[in-house]
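Participant: sequence and predicted model, in that order:
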Amino acid sequence: MGADIKNLRLRIRSVDSTLHLTKAMGLVASSKIRRANDAMLKGREYVSAVGEMVDTLTASPECAKSPYMEKRDGNRTRLIVIAGDRGLCGGYNANIFRLMREYPDAEVIPVGKRAYERFGREFIPAEGFSRADGYRLAKQLCEDFCAGEFDRLGIVYTKYVSIMTQDADIRFVLPLTRNESAKESSILFEPNEAEILAAAIPEYVSGIITASARESFACEVAARRMAMDSAGKNAEQMISDLTLQYNRARQGAITQEITEIVAGSGV
């Protein structure tokens, strides 16, 4: 009986320590949510604005011969895979890797420590991913695409739906496709539409990469917040159950001691 009481006491202390850890991590995630969401929204606005210009340019007949709009017969896919730098965020990383099973032959550029551990190559952190990181990556990818080193470029990231819901998704960036709803613009581009498009695409791809990284980070923070809240509630319930067992064990031990004392005094 004494051993059971001691084990229960140790388990309660262990779970209580875990509870403090999950609460601390939940508070850290909460403190990052607003800033991460602001960065995500700014990234979306930027991509939307640049995307409108690209849609206008691709609607021009002159841009139809651009290497960025070339339809290729090959299936060589290069994917930027954005995962987290850490775990303890529910199914955030697992959902990304599950989606990647659909592209077993793709060449992968990992962003985030978990993606780097899975796919190797150069380590690019997910948290703090900057516009400079995005532009450096985009410039090299655009050069490789024009050189014919791969046939399509996609980004595997996590789409933010709400603080409760985040979905792993893939967005193909290159080659460009003409937006059928876009009409030719009366704007006069100098020197011409094709050259403006060639100059704008690295910036456009950079914006999409950076926005995807920021959106993924916002999803990671939200997922970690929800995971820590859930873990905290489970820890509290476990402590309650263990405390009940501990009190019953103590009461049983006390009752047994009283019984032995009474029995001994009657001898």
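Facilitator: Structure received.

Participant: use CA for all of it now, contacts and neighbours both
Facilitator: OK.

Participant: list the buried residues of stretch 33-40.
Facilitator: The neighbour-count check on stretch 33-40 (16 or more other CA atoms under 10 Å) flags 33, 36, 37, 39, 40 as buried.

Participant: pLDDT at the fourth one, what is it?
Facilitator: So that's residue 39. With respect to pLDDT, residue 39 has a value of 90.

Participant: thought it was touching residue 214?
Facilitator: Yes: counting by CA atoms under 8 Å, residue 39 does reach residue 214; the two are 6.4 Å apart.

Participant: what mean pLDDT does the one helix or strand residue 195 maps to get?
Facilitator: For residue 195, the host element (DSSP states H and E) is helix 193-265. Averaged over helix 193-265, pLDDT sits at 84.

Participant: also stretch 131-141?
Facilitator: For stretch 131-141, the mean per-residue pLDDT is 92.

Participant: contacts for it next, please.
Facilitator: Contacts with stretch 131-141, where a contact means CA atoms under 8 Å, 6 or more residues apart in numbering, come from 202, 203, 205, 206, 207, 209, 210.

Participant: taking the residues you listed together, which two end up most distant?
Facilitator: Across these, the longest distance by CA to CA is 12.0 Å; it joins 202 and 210.

Participant: neighbour-wise, which of those two wins?
Facilitator: Set residue 202 next to residue 210 and count neighbours by other CA atoms under 10 Å: residue 210 wins out with 26 against 21.

Participant: wait, that one touches residue 130, no?
Facilitator: Yes: if you go by CA under 8 Å, residue 210 and residue 130 touch, sitting 6.8 Å apart.

Participant: ok, residue 36 - contacts?
Facilitator: If you count contacts by CA under 8 Å, 6+ apart, then residue 36 has 214, 215, 217, 218, 221 around it.

Participant: 10 Å instead?
Facilitator: With contact set as CA atoms under 10 Å, 6 or more residues apart in numbering, residue 36 has these partners: 29, 127, 214, 215, 216, 217, 218, 219, 220, 221, 222.

Participant: from those residues, which single one is nearest residue 251?
Facilitator: Nearest to residue 251 among the contacts of residue 36, counting by CA to CA, is residue 29 at 41.3 Å.

Participant: thinking again about what came up before, any chance of a markdown table for the contacts of residue 36, columns distance to residue 12?
Facilitator: Below are the contacts of residue 36 laid out as a markdown table (distance: CA to CA, whole Å):
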| residue | distance to residue 12 |
| --- | --- |
| 29 | 26 |
| 127 | 35 |
| 214 | 39 |
| 215 | 38 |
| 216 | 36 |
| 217 | 34 |
| 218 | 34 |
| 219 | 32 |
| 220 | 30 |
| 221 | 29 |
| 222 | 29 |
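
Participant: give the next helix or strand downstream of the one helix or strand residue 49 maps to.
Facilitator: In this assignment (DSSP H and E), residue 49 forms part of helix 2-58. Next helix or strand after helix 2-58 toward the C-terminus (DSSP H and E): strand 77-82.
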